[in-house]
Structure formats: C-alpha cells, structure tokens
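In: Please work out how this folds:
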Amino acid sequence: MASMDSGWVARHLSPGERLGELLFGLIMTLTFTLSVGVLFGEGEGADRDLLIATIGCNIAWGIIDGALLILGRAFDRGRAARLGRAIRASASEQAAVAAVASELDETIEPITSPGARESLYRDVVSRVRGAAPRRAGIHGEDWIAALAVFFLVFFASLPAALPFLFIDDSWIALRVSNALLIGLLFFIGFRWAGYTNANPWRAGILLTIVGILLVVAAIALGG
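Out: The predicted structure follows:
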C-alpha cells in the first residue's frame with residue numbers, strides 16, 4: 001500500500017480523503033462478504049460465485065465513490081464562487097470582510113488571533129476583487145481524482161478476493177478473507193496515525209473496533 005500515500009494518488013487526494021476512501025472500501029467489502037457469504041453457503045461453485053460477487057462489489061463501490069467525489073468537489077467550488085460573488089457585491093470592504101468571516105471563522109478561529117484573522121480576511125477580499133472569477137463546476141483534474149478514488153476502493157479491498165482463488169473450501173476462504181480485511185483496518189489505522197499525534201497501536205486498534213462496529217450495524221440494518 002506504499003503507493004497509496006505517494007505518487008499520483010497523493011497528488012490528487014489529501015491524506016484525509018485517502019484514509020476515508022480506504023476505510024470505505026474495506027468496510028463495504030467486509031459488510032458484503034459477511035452478509036452475502038451466508039447466502040452462497042458452501043455448495044458447489046460457491047467460492048467462484050463469492051469471488052465474482054466480491055470483485056463486482058469492489059468495482060461498483062469504486063465507481064460510486066469516485067462519482068460522489070466529483071460531485072463534492074463541484075459543490076465546494078460552487079460555495080467558493082458564491083463567496084466570491086458576495087465579496088464583489090459588498091457595498092464596503094468591511095461588509096466583504098464579514099462575508100469572508102462567516103465562511104471561514106469556524107475553521108480557522110481556533111488557530112488564529114483576531115488581528116491575524118482580520119488581516120487574512122482583508123487580504124482575501126483584496127485578492128478576490130482583483131482577480132477574474134474562477135470557473136466552478138467540474139474540472140479535468142476531478143476525473144483523475146475520481147480514478148484515484150476507484151484505485152483506492154478497489155485495490156485496497158482486492159485482498160478480500162484472493163483467498164477464493166487459492167482455497168477450495170469456500171467457508172475457509174471466506175473466513176480468511178474476513179481476517180485479511182480486519183487486518184487491513186488495523187494496518188491503515190496504524191499507518192495513518194503518522195499524520196496525527198495519535199499512538200499508532202491505539203489508532204490501529206481503535207480503527208479496527210470502529211470498523212467492525214460499523215459493519216455489524218450495517219448488517220443489522222439490512223446493509
């Protein structure tokens with residue numbers, strides 16, 4: 001998984017986005033294999049059917065999550081465009097600064113002083129008024145980011161399908177698949193603790209527990 005936090009994926013997705021996509025893929029696949037595995041049972045051809053179904057699940061959710069990322073980024077640009085229009089339409093600089101503050105205060109107030117925020121907001125107003133409006137909507141790089149999302153969701157959970165290729169007993173293959181997915185939950189929590197001040201072991205264990213609880217909740221609710 002080293003390539004998932006470096007190279008082209010890292011250029012188009014933030015650490016938080018990569019973590020979220022990896023978790024989403026693993027949790028959805030674990031939910032799928034645990035619930036659908038019961039339906040297939042242990043009959044002849046069950047391992048092949050589970051393999052096909054698991055790969056299909058990975059592909060479907062990779063496409064869905066990539067589409068949601070594109071829509072989310074278009075929405076964020078729309079919010080920025082709305083703020084830009086509000087700044088340009090403001091009758092005074094102070095009104096424009098107030099518009100910026102209403103949008104950004106919640107994010108940066110905990111880490112800045114009032115004077116620093118005032119200076120930053122005035123600089124934002126000055127730059128927005130002095131630049132041409134940026135195009136909102138969907139940009140070309142969004143499609144590359146969506147491909148990165150598909151890559152993460154599909155390939156991060158692909159190990160779940162491997163046991164069905166090498167183990168004839170579908171029941172054992174399913175249990176090995178589930179164990180691999182749970183192990184990957186721990187690995188991701190351990191690995192991504194480096195982006196925070198969290199203890200890697202605690203983060204790995206916590207993420208594993210949270211992931212399992214989400215899977216249990218999804219199955220209990222019919223997911």
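In: Enumerate the positions of stretch 114-125 that are buried.
Out: Buried residues in stretch 114-125, counted by 16 or more other Cβ atoms under 10 Å: 117, 120-121, 124-125. (Glycine included, C-beta is placed from N, CA and C.)
In: Show the average pLDDT along it.
Out: Averaging the model's pLDDT scores along stretch 114-125 yields 89.
In: Can you tell me what sits against it?
Out: Where contact means Cβ atoms under 8 Å, 6 or more residues apart in numbering, the residues beyond stretch 114-125 that reach it are 87, 93, 96-97, 100-101, 104-105, 108-109, 112.
In: before we move on, what about stretch 197-207?
Out: Residues from elsewhere that reach stretch 197-207, judged by Cβ under 8 Å, 6+ apart: 23, 185-194, 196.
In: any weak-confidence spans in the protein?
Out: Along the chain, segments meeting pLDDT under 70 span 1-6, 35-48, 50-51, 218-219, 221-223.
In: Number of residues surrounding F151?
Out: By the measure other Cβ atoms under 10 Å, the count of residues near F151 is 19.
In: now do the one 4 residues further on
Out: Burial measure for F155: 16 neighbouring residues, criterion other Cβ under 10 Å.
In: so it is in which element?
Out: Counting by DSSP states H and E, the secondary-structure element that holds F155 is helix 140-156.
In: Identify each buried residue in whichever helix or strand comes after that helix, please.
Out: Using DSSP H and E, the next helix or strand after helix 140-156 towards the C-terminus is helix 163-166. If you call a residue buried by 16+ other Cβ under 10 Å, then helix 163-166 has these buried ones: 163-164.
In: Ok, stretch 194-208 next?
Out: By neighbour count, with 16+ other Cβ under 10 Å as the criterion, the buried positions of stretch 194-208 are 198, 203-204, 207-208.
In: Which residues are in contact with I182?
Out: When contacts are counted by Cβ under 8 Å, 6+ apart, I182 is found next to 30, 208, 211-212.
In: follow-up on the earlier one: ok, the buried residues of stretch 194-208 vs V153, which is closest?
Out: Top of the list for closeness to V153, among the buried residues of stretch 194-208 and by Cβ to Cβ, is L207 at 16.7 Å.
In: just checking, what packs against the helix or strand encompassing F24?
Out: If you go by DSSP H and E, F24 is part of helix 15-40. Helices and strands in packing contact with helix 15-40 are listed as helix 46-89, helix 140-156, helix 170-192, helix 200-220; criterion 3 or more Cβ pairs under 8 Å, 6 or more residues apart in numbering; DSSP states H and E.
In: Dump those to JSON lines, plus distance to L162.
Out: As requested, those are arranged in JSON lines below (distance: least, Cβ to Cβ, whole Å):
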{"stretch": "helix 46-89", "distance to L162": "9"}
{"stretch": "helix 140-156", "distance to L162": "12"}
{"stretch": "helix 170-192", "distance to L162": "8"}
{"stretch": "helix 200-220", "distance to L162": "19"}
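In: Please identify which of those is closest to P163.
Out: For the helices and strands packed on helix 15-40, proximity to P163 was assessed by Cβ to Cβ; helix 170-192 is nearest, at 4.1 Å.
In: returning to what we had before: hmm, which of the contacts of stretch 114-125 are the buried ones?
Out: Buried residues within the contacts of stretch 114-125, defined by neighbour count using 16+ other Cβ under 10 Å: 87, 96-97, 100-101, 104.
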